[in-house]
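Enquirer: sequence below, structure please.
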Amino acid sequence: MSLVRPFRALRPTQATANAVIAPPYDVINTQEARQLAAEKTDSFLHVSRPEIDLPVGVDAHGDAAYQRAAKSFAALQTKGVLARDATPSVYIYAMTSGQHVQTGIAATASVRAYDANRVRRHELTRPDKENDRVRHINAVNAQTGPVLSAYRANPELDELIQAASTGVPEISAVGPHDVIHSIWPVFEPAMLQPLLDALNALEAIYIADGHHRSAAASRVAAQRRAAASASDSADGNQRTASYEYFLTVVFPHTQMQIFDYNRVVADLNGLSETEFLSRLAADFSVSKVDAALSPSKAGEFGMYLAGHWYQLQTRTAPPPDDPVAVLDVSVLQDSLIEPVLGIADPRTDQRIDFVGGIRGLGELEQRVNSGNAAVAFALHPTSMNQLMAVADAQRMMPPKSTWFEPKLADGLLSHVLD
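Expert: Model (predicted):
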């Protein structure tokens, strides 16, 4: 079973890339998308967030929105803003954010490898978000949002990627947060085949960000597989159909950046501040500190309560042989958020919210000081080794365990389902 294969990307040229590039559809809301796309007729947000072109208040997940996405996607192609490569390729993809650079390879990953857990996941998905991506893929007949993935750093593959990304990139565009996205297509067989061989020799790749995109691709493949089997035109080439693969960009795990993913809780579950602090003492040492605390090690947490920062440290180490229990997000959930604050399922409980570490600790203070939350927790980031250990064990992390930066852009590469 192949792990990846090349594809004919639908993409902008250097002349149109900066007009097209957009943040991932799921990191901004409708209002933010409207503002970003204002007077930018070629922004990919017209495809990924099509409700921005409909009257305010229209259901973002209604039929009209998906129809609008298809219309906008077709218009970008008709205008020549996006064009499809004639030859299958893989694409070296680099992201530069300040001093940080990570360079990987864009290809299409096998849905069957995903279903067989060779493309490994670590996070549960929500049916409503899956449904949205399934409808979007079917509406535009393409996967327009790449899945961010990782592989265990491999010297041979790393060297091949470096060799294929010399010289001026064919596309270089500046995305959100001033991240520079650079792309080098690899068409030449002498360079393409060694990259494919090295990728397909990997034991596995690991989904970092994009679980709903990949799960939706699997569902679309199952739908189309079933339709093809029932059709008189079904043939032996079904396994090579474009819908049997989904768009991903895979980076060496040593280049990935995971930020903290922090928590804010709306209330103290009926406890006074004194009672709450007293309850924490059973499982944590609690010390008031003079400044905002960003945890420097596992087992340490920052807590902001009633205008003050506290340092929390676990009293009991979690079992080292359980890859999920050792995660700080699990320790906080199992020792504090559920037993003390009464939140058993953070995926569904509306009393808890999650704040990506890129927003800074000031965002946690603001949430509490404004009265929108009663308490906030700053966590030490999950590591890539922890992520891969969970995925290798076929376990799932608690929700919102990782926040990856920089993020891939929408619009620079799309995978058309022929």
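
Enquirer: only C-alpha atoms from now on, for both contacts and neighbour counts.
Expert: Noted.

Enquirer: distance from the biggest helix by length in the chain to the middle of the chain?
Expert: Ranked by residue count and defined by DSSP state H, the top helix of the chain is helix 211-230. Here helix 211-230 shows a centroid-to-chain-centroid distance of 20 Å under the convention Cα atoms, centre = their mean, to the nearest Å.

Enquirer: quick one: neighbours of P320, just the number.
Expert: By other Cα atoms under 10 Å, the residues close to P320 number 10.

Enquirer: report pLDDT for it.
Expert: For P320, the model assigns a pLDDT of 86.

Enquirer: which residues of this protein fall in helices?
Expert: 14-20, 30-37, 45-48, 63-78, 111-115, 127-140, 155-164, 189-200, 211-230, 273-280, 328-332, 361-369, 384-392.

Enquirer: which of these sits most buried?
Expert: Among the helices of the chain, the stretch with the highest mean neighbour count (mean count of other Cα atoms under 10 Å) is helix 45-48, at a mean of 27.

Enquirer: starting at the chain centroid, how far to it?
Expert: So, by Cα atoms, centre = their mean, the centroid of helix 45-48 is 17 Å from its chain's centroid.

Enquirer: tell me the mean pLDDT for that helix?
Expert: Helix 45-48 comes out at a mean pLDDT of 98.

Enquirer: quick one, domains of this protein?
Expert: 4-253+406-416, 261-380 (automatic domain parsing).

Enquirer: for those domains, give me JSON lines that also has distance to A391.
Expert: Formatted as JSON lines, the domains of the chain follow (distance: least, Cα to Cα, whole Å):
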{"stretch": "domain 4-253+406-416", "distance to A391": "5"}
{"stretch": "domain 261-380", "distance to A391": "9"}
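
Enquirer: please report how far the residue most central in space within the chain lies from E273.
Expert: Most central in the chain under Cα atoms, centre = their mean is D209, positioned 2.3 Å from the mean C-alpha point. Separation of D209 from E273 (Cα to Cα, to the nearest Å) stands at 36 Å.

Enquirer: before we move on, what about P399?
Expert: Distance from P399 to E273, by Cα to Cα: 27 Å.

Enquirer: check what pLDDT the residue nearest to the centre of the chain gets.
Expert: The predicted local confidence for D209 is 94.

Enquirer: need the contact list for it.
Expert: D209 sits next to 147-149, 404 when contact means Cα atoms under 8 Å, 6 or more residues apart in numbering.

Enquirer: quick one: closest of the domains of the chain to L387.
Expert: L387 sits nearest to domain 4-253+406-416 of all the domains of the chain, at 6.9 Å, using Cα to Cα.

Enquirer: ends of the closest one, how far apart?
Expert: Span of domain 4-253+406-416 from end to end, Cα to Cα: 16 Å.

Enquirer: what's the model's confidence in stretch 395-402, averaged?
Expert: Stretch 395-402 comes out at a mean pLDDT of 92.

Enquirer: any residues touching that stretch, and which ones?
Expert: 121-124, 258-261, 324, 329-330, 346-347, 354, 381-382, 390.

Enquirer: just the buried ones from these, in ChimeraX syntax?
Expert: Command for ChimeraX, covering only those of the contacts of stretch 395-402 found buried under the criterion 16 or more other Cα atoms under 10 Å:
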select :121,122,123,124,258,259,260,261,324,329,330,346,354,381,382,390
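
Enquirer: now intersect the contacts of stretch 395-402 with the strands, please.
Expert: 258-259, 261, 354 (DSSP state E).

Enquirer: could you export these as JSON lines, including pLDDT and distance to A282?
Expert: Listed next are those as JSON lines, based on pLDDT from 0 to 100; distance: Cα to Cα, whole Å:
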{"residue": "I258", "pLDDT": "95", "distance to A282": "30"}
{"residue": "F259", "pLDDT": "93", "distance to A282": "29"}
{"residue": "Y261", "pLDDT": "95", "distance to A282": "24"}
{"residue": "F354", "pLDDT": "94", "distance to A282": "25"}
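
Enquirer: how about those, which pair is most distant?
Expert: So, these by Cα to Cα: farthest apart are I258 and F354, at 15.0 Å.

Enquirer: residues in contact with D59?
Expert: Here D59 is in contact with 51, 65 (criterion: Cα under 8 Å, 6+ apart).

Enquirer: tell me the mean pLDDT over stretch 160-179?
Expert: 96.

Enquirer: can you give me the buried ones in it?
Expert: Under 16+ other Cα under 10 Å, the buried positions of stretch 160-179 are 161, 164-165, 169, 171-175, 179.

Enquirer: the longest helix of the chain to helix 127-140, inter-axis angle?
Expert: On the basis of axes from the mean of the first three to the mean of the last three Cα atoms, to 10 degrees, helix 211-230 is oriented at 60 degrees to helix 127-140.

Enquirer: need the residues that contact helix 211-230.
Expert: Counting by Cα under 8 Å, 6+ apart, 111, 114-115, 121, 123-126, 129-131, 133-134, 137-138, 143, 145-147, 234, 238, 243-246 sit against helix 211-230.

Enquirer: remind me which residues of the stretch 101-250 of the chain are low pLDDT?
Expert: Scanning the stretch 101-250 of the chain for pLDDT under 70 picks out the ranges 231-238.

Enquirer: starting at the chain centroid, how far to stretch 321-334?
Expert: 21 Å.
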